[in-house]
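Chemist: Provided below are the primary sequence and the corresponding predicted coordinates.
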Amino acid sequence: QVQLVESGGGLVQAGGSLRLSCAASGFTFSDHAMGWFRQAPGKEREFVATVGSHGGYTYYVDSVKGRFAISRDNAKNTVYLQMNSLKPEDTAVYYCNAVLLGNYIARFGSWGQGTQVTISS
């Protein structure tokens with residue numbers, strides 16, 4: 001079955017950086033676009049960024065463009081999110097999932113436990 005294990009979150013000050021990782025299994029990783037989503041307290045989960053199946057395509061929501069960079073390593077079945085110039089509004093639990101390109105929604109109904117990112121002002 002699909003397994004997604006996120007890691008790398010933490011507590012950092014505004015302006016700092018974090019690198020998130022997501023190890024995937026249970027499906028053919030290299031066949032799918034992958035992405036990151038986040039859920040802030042009291043809000044719905046939202047799409048953040050996606051990378052195409054072989055890394056040649058990336059797309060970001062406006063709020064993270066120029067600050068976040070998504071990448072993947074198909075040999076390791078892992079997707080990454082490098083987050084720079086972090087802001088308090090980036091505080092959320094971050095999740096990864098395969099992504100349906102075009103509407104940028106999650107492909108799989110199952111989610112990992114997520115990784116908490118907290119940015120202090």
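Modeler: Received it, and whenever you're ready, just let me know what you need. Numbering: from 1, shown residues only.
Chemist: ok, and the closest non-adjacent residue to residue 47?
Modeler: In space, residue 47 comes closest to residue 104 once its chain neighbours are excluded; the distance is 4.6 Å by Cβ to Cβ, 6 or more residues apart in numbering. No exception for glycine: its C-beta is placed from N, CA and C like everyone else's.
Chemist: scratch that, residue 1
Modeler: The shortest distance from residue 1 to any residue other than its chain neighbours is 5.0 Å, reached at residue 26 (Cβ to Cβ, 6+ apart).
Chemist: same question, residue 8
Modeler: The shortest distance from residue 8 to any non-neighbouring residue, by Cβ to Cβ, 6+ apart, is to residue 20 (4.2 Å).
Chemist: before we move on, what about residue 11?
Modeler: Ranked by Cβ to Cβ, 6+ apart and with sequence neighbours excluded, the top spatial neighbour of residue 11 is residue 118, at 4.6 Å.
Chemist: Next one: the one you found, what pLDDT does it get?
Modeler: For residue 118, the model assigns a pLDDT of 98.
Chemist: just checking, it touches residue 90?
Modeler: No: contact between residue 118 and residue 90 fails when scored by Cβ atoms under 8 Å: they sit 9.1 Å apart.
Chemist: Among those two, which residue is more densely surrounded?
Modeler: For residue 118 and residue 90, the more surrounded residue by other Cβ atoms under 10 Å is residue 90, and the numbers stand at 22 against 15.
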